[in-house]
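J.: have a look; sequence and predicted model below, questions after that.
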There are 2 protein chains.
Amino acid sequence: MSKNGATDPASEAWALMRRLVWGRRPQFVTRLGELGLYPPQAIALLELGEGEPMPMSALAERLRCDNSNITGIADRLESAGLVERRPAPRDRRVRTLAVTERGRVVQGKVAEIMADPPAGLAALSEEDAAALRDILERALAATPA
Amino acid sequence: MSKNGATDPASEAWALMRRLVWGRRPQFVTRLGELGLYPPQAIALLELGEGEPMPMSALAERLRCDNSNITGIADRLESAGLVERRPAPRDRRVRTLAVTERGRVVQGKVAEIMADPPAGLAALSEEDAAALRDILERALAATPA
DNA sequence: TATTGTTATACTCTATAACTATA
DNA sequence: TATAGTTATAGAGTATAACAATA
């Protein structure tokens, strides 16, 4: 950043994006709390997706945290009846996490909560929204994981 | 959301924004850690800004957390020599947090870290970046705090 | 030997409630 | 009475290290 605070358009856009996304956080935390979930639990549930049961270590990778954290998060999700530990077919060291029927319902609610955009974004014109989406797609495509 | 997963442009843009912002989180956490800071400490330091010493309760409001949390965060920032507790001029109940000289340096580094955009955003054309910024400004302006 | 998941440990963050010193 | 900050408490998240079972 230069001394007078002036920056290029990309940096300005980045600052605005951060404010928009961060600004939603309090609402997200509140609404997830009403589901009885803490943010890491909700994110874990989303990452488990709709497919096959996932090895705990795979979830740890997606959450970019240590395996040992998954034990506790899985404990709580399992206590809430949203997830089940199951053995893996081939490797007997591995335990997978399967989303229960009830977990599916909550998963959907979490997805809805996260998908809810800030008011000003929802209020954009059709043209602005489409242009925004297209530019963001280009930016994301050119961003390494 | 509709059944088949199709959504409007604003929702798609929102999903992309979240992925861009969330995707930077691991790097931020790592780099802040190299400064010896946890995210809430770094955010607190930023919120203290460049102006006058700020009452602890004002910081709690900005961080949207309980006053009691600020005690611990201020303790750690003070131990690190980045912040000082000072009495407030009129009200003897109030203690303000003043950023030290060393705190100013770290504050600048934190701001740099946070301002660093994802590669794909920095790589946008000048036109795309400017259009993105303008649309985001409209979205943010129409979003209540 | 290496990997998976667990346990033990230590620290930070967070909210709530009780307390103090002021107002 | 009400407010600012602290303390105590409890629960959750995180990383590291050590461990058992399995590969």
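T.: Received the coordinates, thanks.
J.: ok, the spatially most central residue of chain A - contacts?
T.: Geometric centre of chain A, nearest residue: A:Ile43, 4.6 Å, by CA atoms, centre = their mean. By CB atoms under 8 Å, 6 or more residues apart in numbering or on different chains, the residues touching A:Ile43 are A:Leu63. For every residue, glycine as well, the C-beta is placed using N, CA and C.
J.: and stretch A:47-62, is it in reach of DNA strand C?
T.: Yes - Stretch A:47-62 lies within reach of DNA strand C by CB under 7 Å from any atom of the strand, at A:55-57, A:60.
J.: buried members of these into PyMOL, please.
T.: Entered in PyMOL, the line below selects the buried ones among these, by 16 or more other CB atoms under 10 Å in any protein chain shown:
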select buried, chain A and resi 55+56+60
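J.: from the residues of stretch A:47-62 next to DNA strand C, which single one is nearest B:Ala115?
T.: Relative to B:Ala115, the closest of the residues of stretch A:47-62 next to DNA strand C is A:Ala60; by CB to CB it sits at 29.9 Å.
J.: could you measure from the closest one over to A:Arg104?
T.: Distance of A:Ala60 to A:Arg104, given as CB to CB, to the nearest Å: 22 Å.
J.: please name the nearest non-neighbouring residue to A:Val106.
T.: If you skip the residues right next to it in sequence, A:Val106 has A:Leu82 as its closest partner in space, 5.5 Å away by CB to CB, 6 or more residues apart in numbering or on different chains.
J.: now for the one you found, how many residues are close by?
T.: For A:Leu82, the count of nearby residues is 27 (other CB atoms under 10 Å in any protein chain shown).
J.: likewise for A:Pro39?
T.: 12.
J.: I figured it hits A:Phe28, correct?
T.: Yes - with contacts counted by CB atoms under 8 Å, A:Pro39 reaches A:Phe28, the gap being 7.4 Å.
J.: chain A: helices as residue ranges?
T.: Using DSSP state H, the helices found in chain A span residues A:9-34, A:39-47, A:56-63, A:67-79, A:101-115, A:119-122, A:126-141.
J.: list the buried residues in the first one.
T.: Neighbour-count burial for helix A:9-34, with 16+ other CB under 10 Å as criterion, is recorded at A:9-18, A:20-21, A:24, A:28, A:31-32.
J.: ditto for the fourth one
T.: Taking 16+ other CB under 10 Å as the neighbour-count basis, helix A:67-79 is seen to contain the buried residues A:70, A:73-74, A:76-77.
J.: contact partners for A:Asp66?
T.: A:Asp66 sits next to A:Ala60 when contact means CB under 8 Å, 6+ apart.
J.: over to it: give its phi and psi.
T.: The phi and psi values for A:Asp66, taken as degrees, to the nearest 10, are phi -70, psi 150.
J.: if we can go back for a sec, also near DNA strand C: which of the buried residues of helix A:67-79, exactly?
T.: Contacts with DNA strand C within the buried residues of helix A:67-79, counted by CB under 7 Å from any atom of the strand: A:70, A:74.
J.: now render the buried residues of helix A:67-79 as TSV, adding pLDDT.
T.: Converted to TSV, the buried residues of helix A:67-79 look like this (pLDDT from 0 to 100):
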residue	pLDDT
A:Ile70	98
A:Ile73	98
A:Ala74	98
A:Arg76	98
A:Leu77	98
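J.: could you dump the buried residues of helix A:67-79 to a markdown table with distance to B:Thr96?
T.: Converted to a markdown table, the buried residues of helix A:67-79 look like this (distance: CB to CB, whole Å):
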| residue | distance to B:Thr96 |
| --- | --- |
| A:Ile70 | 42 |
| A:Ile73 | 39 |
| A:Ala74 | 44 |
| A:Arg76 | 39 |
| A:Leu77 | 42 |
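J.: of the buried residues of helix A:67-79, which is the nearest to B:Ala98?
T.: Taking CB to CB as the measure, A:Ile73 is the one of the buried residues of helix A:67-79 closest to B:Ala98, at 39.1 Å.
J.: quick one: contacts for the closest residue to that closest one other than its chain neighbours?
T.: Spatially, and ignoring its direct neighbours in sequence, A:Ile73 is nearest to A:Ala44 (5.3 Å; CB to CB, 6+ apart). By CB under 8 Å, 6+ apart, the contact set of A:Ala44 is A:59, A:63, A:70, A:73-74, A:77.
J.: kindly indicate which of the residues you listed lies nearest chain B.
T.: Nearest to chain B out of the contacts of A:Ala44 is A:Leu63 (CB to the nearest CB; 10.1 Å).
J.: okay, among the residues of stretch A:47-62 next to DNA strand C, which ones form the most distant pair?
T.: Of all pairs in the residues of stretch A:47-62 next to DNA strand C, the most separated under CB to CB is A:Pro55 and A:Ala60 at 8.9 Å.
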